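**Student:** Give me the fold of what follows.
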Amino acid sequence: MTAEPIRLFLNPTAGRGRAGKRQARILELLIGADLPIELHMSSAVGDLENQVRQQVDEGATRIIVAGGDGSIHEAVNGIMQADGDAALGVIPTGTGNDFAKASDISLNWEHATQLLADRLAANAPAKRVDVGIMNQRYFANGAGIGLDAKVTRIARSFRLPIGDLIYLLAIFRTMVDGIATPSMRITIPELAWDGPATLANISNGPWIGGMFHIAPTAANHDGALDLIIAEPVSRRRIMSLLPKLMAGTHMQEPEIHYRSVTKCSVVAAEPVASHLDGEVQPMQQEFELEILPGALRLL
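**Tutor:** Numbers count the residues shown, from 1 in each chain. Okay, here's the model as predicted:
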């Protein structure tokens, strides 16, 4: 009997084109492990998600994504929206690779491919990780409302091949326009916040933007989300906080508020920017977030 193919989805533009250049070697390593690989290429935003959902609906049980956090975001939404229970394998070829870090996946894409091939060849069991959901969209690593969403949008507009530093540059560019502090009503059982805030970050994993250790206690297998709220801060204060954000030593700063949550409601005074796994969402005013413990099988 012919073995069920393992669907490999590759986003050739991930990592500012690095994923496409690595396609041949990725295939060589996977096929070299005698795995029945079936290659699928994504061609536009949303295409990978639609392809994954269709393949899982048709019975696919093993999905591999070679790409960055945006590609993983689409794959997770495709799997979660489909009728099946497909497991996901990740080959990190993006810029930030935040989900890979959170999941203890090697950031060396070649090493990660070989390790994944070995696990698949040995039929190693998948592990369970949590998935978040915000307004009917799923996220693997985290959601952001406010400043970090604006930074993400600006970072996406740059085409400079400088890796993680693109997010640092985007912060500096964001500060030129001033730091918006929209009024937000944030409701969880342990906290009622009602007032201006620079950002509300809801993390499933500890990293955003590749270099910012925003939620150092977050773990994507603990059945909880880490809520980080930042009070209004000046440009000068942001500059002094940046090294702490990168090192994960900001949690005791007076402007930072932290709670571990399973559900969270955010209502802004006006539509505000938000992102899921670094993917900018339409401007919205109301946000409902929840953790789905162990909802994703990770190869």
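**Student:** Skipping adjacent residues, who's closest to E231 in space?
**Tutor:** E255 (4.1 Å; Cβ to Cβ, 6 or more residues apart in numbering). To be clear about C-beta, it is placed using only N, CA and C from the backbone, and glycine gets the same treatment.
**Student:** quick one: that neighbour from A230, how far?
**Tutor:** Separation of E255 from A230 (Cβ to Cβ, to the nearest Å) stands at 6 Å.
**Student:** same deal with E290?
**Tutor:** E290 is 22 Å from A230, by Cβ to Cβ.
**Student:** Looking at those two, which one has more neighbours?
**Tutor:** A230 (25 against 15; other Cβ atoms under 10 Å).
**Student:** measure that one to G78 for me?
**Tutor:** Relative to G78, and taking Cβ to Cβ, A230 is found at 32 Å.
**Student:** again, but for G205
**Tutor:** 19 Å.
**Student:** hang on, isn't G294 packed against D85?
**Tutor:** No - using Cβ atoms under 8 Å, G294 is not in contact with D85; the gap is 11.5 Å.
**Student:** Please enumerate the shared neighbours of E255 and A230.
**Tutor:** T198 (Cβ atoms under 8 Å, 6 or more residues apart in numbering).
**Student:** surely the residue nearest to E231 meets R237?
**Tutor:** Yes - proximity of E255 to R237 meets the contact threshold set by Cβ under 8 Å, at 7.3 Å.
**Student:** Per the annotation, how does the chain divide into domains?
**Tutor:** Domain assignment for the chain, taken from automatic domain parsing, gives 6-125, 139-293.
**Student:** which SS class is G205?
**Tutor:** coil (DSSP: H, G, I helix; E, B strand; the rest coil).
**Student:** how much space is there between the closest residue to it other than its chain neighbours and A3?
**Tutor:** Leaving aside its chain neighbours, G205 sits nearest to A102 (2.8 Å; criterion: Cβ to Cβ, 6+ apart). Distance of A102 to A3, given as Cβ to Cβ: 31 Å.
**Student:** Of the two, give the one with the bigger neighbour count.
**Tutor:** A102 (22 against 8).
**Student:** so how far is Q136 from that one?
**Tutor:** 23 Å.
**Student:** Just name the shakiest helix or strand of this structure by mean pLDDT.
**Tutor:** helix 165-176 (a mean of 62; mean pLDDT, DSSP states H and E).
**Student:** Check which element follows it along the chain.
**Tutor:** As assigned by DSSP states H and E, the chain's next helix or strand after helix 165-176 is strand 183-188.
**Student:** Only the buried residues of that following strand, if you could.
**Tutor:** 184, 186, 188 (16 or more other Cβ atoms under 10 Å).
**Student:** Which one of the residues you listed is nearest to V131?
**Tutor:** I188 (18.8 Å; Cβ to Cβ).
**Student:** Pretty sure that closest one sits against S260.
**Tutor:** No - counting by Cβ under 8 Å, I188 does not reach S260; the two are 9.5 Å apart.
**Student:** Need the residues touching each of those two.
**Tutor:** By Cβ under 8 Å, 6+ apart, the residues touching both I188 and S260 are L227.
**Student:** D194: neighbouring residues, count only.
**Tutor:** 11.
**Student:** Report the contact partners of it.
**Tutor:** 183-186.
**Student:** got a markdown table for the domains of the chain, with distance to G132 too?
**Tutor:** Compiled in a markdown table, these are given as follows (distance: least, Cβ to Cβ, whole Å):
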| stretch | distance to G132 |
| --- | --- |
| domain 6-125 | 10 |
| domain 139-293 | 5 |
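**Student:** For V131, find the nearest of these.
**Tutor:** domain 139-293 (4.7 Å).
**Student:** distance between the ends of that closest one?
**Tutor:** Terminal residues of domain 139-293 lie 12 Å apart, using Cα to Cα, to the nearest Å.
**Student:** Helices of the stretch 101-250 of the chain, start to end?
**Tutor:** For the stretch 101-250 of the chain, the helices defined by DSSP state H, counting those that start in this stretch occupy 109-121, 147-157, 165-176, 235-247.
**Student:** ok, A269 - contacts?
**Tutor:** 182-184, 285.
**Student:** In these, find the pair that's most separated.
**Tutor:** It's S183 and Q285 that sit farthest apart of the contacts of A269, by Cβ to Cβ, at 11.1 Å.
**Student:** Before I go, just wanted to say thanks for your time.
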